[in-house]
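[1] build me a model:
(2 chains)
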Amino acid sequence: MKLYNINDPICYSFRLLCVLVAEKMLKVPEHQVAGHIAKDGKLGPLVDDRGRFYKPLQGDARGENEAKFYESFSSNKNVPDHIRGYFPVYHGVQLAEASDGSGKLPHMVLEDVVSGYVKPSVMDVKIGSRTWYPDVSEEYFNKCIKKDSATTTVSLGFRVSGLKIFDCQESRFWRPDKRVVLAYKVDGARMALRKFVSSNPSADSVPDCAYASEVYGGSNGILAKLLELKAWFETQTLYHFNSCSILMVYENDSGGDDERRAQVKLVDFAHVLDGNGVIDHNFFGGLCSFIKFIQDILESSDNRCENGH
Amino acid sequence: MHLKAPEHQVAGHIAKDGKPGPLVDDKGRFFKPLQGDSRGEIEVKFYESFSSNTEIPDHIRRYFPVYHGTQAVEGSDGAAMIVLENLLSKYSKPSVMDVKMGSRTWYPEASEEYIRKCLRKDARSTTVSSGFRISGFEVYDHKELSFWKPDRKLLNGIKVDGVRLALRKFVSSNTLSDTSSKPDAAFASSVYGGSNGVLTQLLELKTWFENQTFYHFNSCSILIIYENESIHDDDARAQVKLVDFAHVHDGNGVIDHNFLGGLCSFINFVRDILQSSDESTENN
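    Here you go, the predicted structure:
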């Protein structure tokens, strides 16, 4: 779908049809772990029942920048196909009823990354040892650097932004408070990544990492996907993915076929800039650090299996 | 012991205004004054740890200066000096470049004042934008038969294009002080390329950095050295060395993502120059 100019009178009736169709099916996403939440009359994203995610374009430059990125990326011939799969599919911009009751707002229409999952465990990890970038305002820089230093961004090159893990022992989702997640230090981040692949995430006891090899390991596992992304980041100079997140998703209830369907997607492109011939060394460094954490967990869980635990 | 000031120092402290600078002897050793504050202590601690660390593979150890302990040296008020391998002693006409690696030179353990000072310098240079900055270089001009080094102030203000130009100049034979002619990058493949060239060595280091969690090499530099005497026989003897360990801290189970990101970016810059110089020789 092409980008609609919302003031174009010729498209009015078609737009109206889109809005009416969209209105019937939009609801608050169930599995959102980070970013603005469309709850209690707040403005936030919505989903329909056809696998699409509607992200409101806020009045500021960020929404515009994100849409601009998606437009550029979808038509960029220099992005290899196997890398394209790590990005949500873009379906242009549409008018939809805003979640805060403020009327019809343009929304970016994206692939809903978690649609098609029955009980997805989801984790959002913001990649990079800094979330600020050259030429930002002093105010924004100060806000970023404060948060980067208070979390694991500076020390680890990434921070956990949100998570929701299905606890198969308790048969319910475990979702720690956002403030707790943002207070994680190195040990907390490591523990969260271990809990992410455990059957007992909500327990105080040591995470069992029961699903580490199924979810992180294997030829279709998360580690294999991260390594593929890493290879692209070693040389791509198209974009700098400032403040972007990696979303990890996997299935807990596939109805008998035991397929984890682990997925890795890059999300949140409000601060993406042109690469201008330089690699995204900030993202690359953080991604390598994140990969090492996953590898360590995989190795220690493999060792336990070998020792008969 | 016959000590004198080193000839080809391109960055870092030099002997000035009564403050001691580094010295070299005629036996291939480099004497670095221990800086008054904790920095000298940290550097010694690093060298002590590194030399006895059995988990450092041999092929990586070669990228670090050999450490010979500390020594009090006469004429420097009995102040202790770190004794290291003189990296240039086996070169007769070395071109040398010092590249400070990492998109930030500060680190969490540093004081607020130090962090602020670093942030300013990092933002003004190519550190933030490119993940590294050129601290200094000296290159041999084969026409003028003398060494040339760019003005320090000029170097501090360069941006990405300036970095690319400097990396080309570093491997060029044509008159460098003459800004009207484009640097010929005549030695790009002898120095940057080949199975023992700079690019190969940097890639070996990169692989180690993807896994090593022993040290965080804050504010360290990579020194690139090559021989001009034999370069026309295609024998550049290019070498990559890590130097300046005054701010190194324990890795604590985390990789040095700051150094690694900058190193990967630097590798791309070097590779671009190698590829464009290969293309131009093909077209000739």
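
[2] say whether chain B is contacted by the host helix or strand of residue A:142.
    Counting by DSSP states H and E, the element that carries residue A:142 is helix A:138-150. Yes - applying CB under 8 Å from any CB of the partner chain, one finds that helix A:138-150 is in contact with chain B at residue A:149. Placement of C-beta: from N, CA and C, glycine included.

[3] over to stretch A:237-256?
    Yes - taking CB under 8 Å from any CB as the criterion, stretch A:237-256 and chain B are in contact, through residue A:237.

[4] buried stuff in that stretch?
    If you call a residue buried by 16 or more other CB atoms under 10 Å in any protein chain shown, then stretch A:237-256 has these buried ones: A:237-252.

[5] skipping adjacent residues, who's closest to the residue nearest the centre of chain B in space?
    Centroid-nearest residue in chain B, with CA atoms, centre = their mean: residue B:223, separated by 2.2 Å. Spatially, and ignoring its direct neighbours in sequence, residue B:223 is nearest to residue B:241 (4.6 Å; CB to CB, 6 or more residues apart in numbering or on different chains).

[6] average pLDDT for the helix holding residue A:142?
    Summarised as a single mean, pLDDT over helix A:138-150 is 96.

[7] quick revisit: for the residue nearest to the centre of chain B, which residues are in contact?
    When the contact criterion is CB atoms under 8 Å, 6 or more residues apart in numbering or on different chains, the partners of residue B:223 are B:87, B:96-99, B:239-243.

[8] how about 6 Å then?
    Residue B:223 sits next to B:98, B:241, B:243 when contact means CB atoms under 6 Å, 6 or more residues apart in numbering or on different chains.

[9] could you look up the SS state of whichever residue of chain A sits closest to chain B?
    Closest residue of chain A to chain B, CB to the nearest CB: residue A:285 (2.9 Å). In three-state terms, and counting by DSSP: H, G, I helix; E, B strand; the rest coil, residue A:285 is helix.

[10] roughly how far apart are the residue nearest to it when sequence neighbours are not counted and residue B:80?
    Once its chain neighbours are removed from consideration, residue A:285 has its nearest residue in residue B:261; the separation is 2.9 Å (CB to CB, 6+ apart). Residue B:261 sits 35 Å away from residue B:80, going by CB to CB, to the nearest Å.

[11] tell me where the longest helix sits in chain B.
    Ranked by number of residues, the top helix in chain B under DSSP state H is helix B:257-283.

[12] okay, now the residue of the stretch 101-250 of chain B found nearest chain A: neighbour count?
    Of all residues in the stretch 101-250 of chain B, residue B:131 sits closest to chain A, with a separation of 3.7 Å (CB to the nearest CB). Neighbour count for residue B:131, taken as other CB atoms under 10 Å in any protein chain shown: 29.

[13] pull up the residues of the stretch 51-200 of chain A that are close to chain B.
    A:129, A:134, A:154-157 (CB under 6 Å from any CB of the partner chain).

[14] change it to 8 Å
    Going by CB under 8 Å from any CB, the residues of the stretch 51-200 of chain A near chain B are A:129-130, A:134, A:149, A:154-157, A:186.

[15] now the helix or strand residue B:200 falls within: average pLDDT?
    Applying DSSP H and E as the criterion places residue B:200 in helix B:198-209. If you average the pLDDT over helix B:198-209, you get 98.

[16] note down every partner strand of the helix or strand just after it and its orientation.
    Toward the C-terminal end, the helix or strand that comes next after helix B:198-209 (DSSP H and E) is strand B:215-216. Strands adjacent to strand B:215-216 in the sheet, as given by DSSP bridges, are strand B:249-250 (antiparallel).

[17] residues in contact with the partner strand?
    Outside strand B:249-250, the residues that touch it by CB under 8 Å, 6+ apart are B:42, B:107, B:109, B:214-216, B:218.

[18] got a markdown table for these, with pLDDT and distance to residue B:207 too?
    Written out in a markdown table, the entries for the contacts of strand B:249-250 read as follows (pLDDT from 0 to 100; distance: CB to CB, whole Å):
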| residue | pLDDT | distance to residue B:207 |
| --- | --- | --- |
| B:42 | 94 | 26 |
| B:107 | 96 | 23 |
| B:109 | 90 | 27 |
| B:214 | 98 | 15 |
| B:215 | 98 | 16 |
| B:216 | 98 | 18 |
| B:218 | 98 | 21 |
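
[19] can you turn the buried part of those into a PyMOL selection?
    When burial is assessed using 16+ other CB under 10 Å, the buried subset of the contacts of strand B:249-250 is captured in PyMOL by this command:
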select buried, chain B and resi 42+107+214+215+216+218
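
[20] and of the contacts of strand B:249-250, the nearest to residue A:51?
    Comparing the contacts of strand B:249-250 against residue A:51 with CB to CB places residue B:216 closest, at 43.5 Å.

[21] residues contacting the closest one?
    With contacts defined as CB under 8 Å, 6+ apart, the neighbours of residue B:216 are B:107, B:248-251, B:254, B:256, B:258-259.

[22] could you pull out the helices for the chain?
    With no chain named, the answer covers chain A. With DSSP H applied, chain A shows helices at A:12-25, A:61-74, A:81-84, A:138-150, A:153-156, A:178-182, A:186-195, A:212-215, A:222-233, A:281-306, listed in chain order.

[23] look at chain B instead
    Going by DSSP H, chain B shows helices at B:38-52, B:58-61, B:112-124, B:127-130, B:152-156, B:160-169, B:188-191, B:198-209, B:257-283.

[24] residue in chain B nearest to chain A?
    Checked against chain A (CB to the nearest CB), the nearest residue in chain B is residue B:261, 2.9 Å away.

[25] apart from its neighbours in sequence, what residue is nearest residue 196?
    Using chain A. Residue nearest to residue A:196 in three dimensions, not counting chain neighbours: residue A:123, with 5.4 Å by CB to CB, 6+ apart.

[26] chain B was what I was after
    Closest residue to residue B:196 apart from its sequence neighbours, by CB to CB, 6+ apart: residue B:238 at 7.2 Å.

[27] got it, and residue B:149?
    Beyond its immediate neighbours in the sequence, the residue positioned closest to residue B:149 (CB to CB, 6+ apart) is residue B:138, lying 4.3 Å away.

[28] can you name the residues of the stretch 1-150 of chain B that neighbour chain A?
    Counting by CB under 8 Å from any CB, the residues of the stretch 1-150 of chain B that sit close to chain A are B:103-104, B:108, B:123, B:128-131.
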